[in-house]
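# Could you look at this predicted model? Sequence included:
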Amino acid sequence: MSPLGNQVHVYACDINTLDTQSFCSLLTNEELDKANAFRQQADTRRFITGRLMAKKILGYYAMKVPSDIVIKPQHNGKPLAYTHSGITLPFFNISHSGNKVLIACSHDLVGIDIELVKDIETENLAETVFSERELRLFRTAVDKAPVFYQFWTRKEALLKAAGVGLTNNLPAIDISHGIDVDFSKSFTEKQLDLLTFIMHDREKYFASLCYVKNMPARFIIMTNDLLSQL
């Protein structure tokens, strides 16, 4: 039986403390080219860390060597993983922001999003992406930033679980009181749930997980020792 079982596992790491250098041979030339194409070094490190973590984690769950794991973007940009030997892999999703990388794995639909809280003007952005009910709650909030990041990460986690990118009709999707049932029915008959959590470092992060309802979620800190063991 897979170590994943009937659970959702969320791995979190700090790109400043995780040493991925000795595992870079797992990256394809295409992945290395993409990593080196980023202008900012932090973007390169986030991409490399996410890909290496995903290959190690998926290889562990599939009981395959990480070098057998191939990750390719689909037409919508969402990464798809498979093995050369045709082994079925768990669903997975990667998100990164600031110095954090999160990877969620499940044997069913899953989506995750993390955002570094920034000192930005959220009012105008909220008007373009929030539903009417979300906007009412946002505008009446004493502290608007937590409401904005909670709604934004929930909405993006749901879209990622659905396997679609950001749409031009985000205001039509409402997650102010949980899952937008009408939207979720457009891609699955299963009941989904949303979990939002906050991560603190020197900076503050909001993150949301979208997963099949009633599946236990387990949170795991990815350390150098754990990365080596997988």
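Here it is on my side, so go on.
# from here on, contacts and neighbour counts on C-alpha atoms
Noted.
# which stretches of this structure aren't confidently modelled?
Per-residue confidence for the chain (pLDDT under 70) gives these ranges: 1, 75-77, 165-168.
# quick one, helices of it?
Under the criterion DSSP state H, the chain contains helices at 29-37, 41-62, 123-129, 132-140, 144-162, 181-184, 224-229.
# quick one: buried residues of the shortest one?
Meaning helix 181-184. When neighbours are counted by 16 or more other Cα atoms under 10 Å, the buried residues of helix 181-184 are found to be Val181, Phe183, Ser184.
# got the CA positions of it in PDB?
Once non-C-alpha atoms are left out, helix 181-184 reads as follows in PDB (Å, rounded to 0.1, in the frame of the first residue of the first chain):
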ATOM      1  CA  VAL A 181     -20.500  24.000  -5.700                       C
ATOM      2  CA  ASP A 182     -21.700  25.000  -9.100                       C
ATOM      3  CA  PHE A 183     -18.200  25.500 -10.400                       C
ATOM      4  CA  SER A 184     -16.800  22.300  -8.800                       C
END
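# coming back round to it: reformat the helices of the chain as TSV; add distance to Thr88.
Supplementary listing: these in TSV, determined by distance: least, Cα to Cα, whole Å:
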stretch	distance to Thr88
helix 29-37	22
helix 41-62	7
helix 123-129	36
helix 132-140	38
helix 144-162	18
helix 181-184	24
helix 224-229	22
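# if you compare these, which one is most tucked away?
Relative to the other members of the helices of the chain, helix 144-162 carries the highest mean neighbour count by mean count of other Cα atoms under 10 Å, namely a mean of 23.
# what's that helix packed up against?
Using 3 or more Cα pairs under 8 Å, 6 or more residues apart in numbering; DSSP states H and E as the contact definition, the elements that helix 144-162 packs against are strand 110-116, helix 132-140, strand 192-200, strand 204-212.
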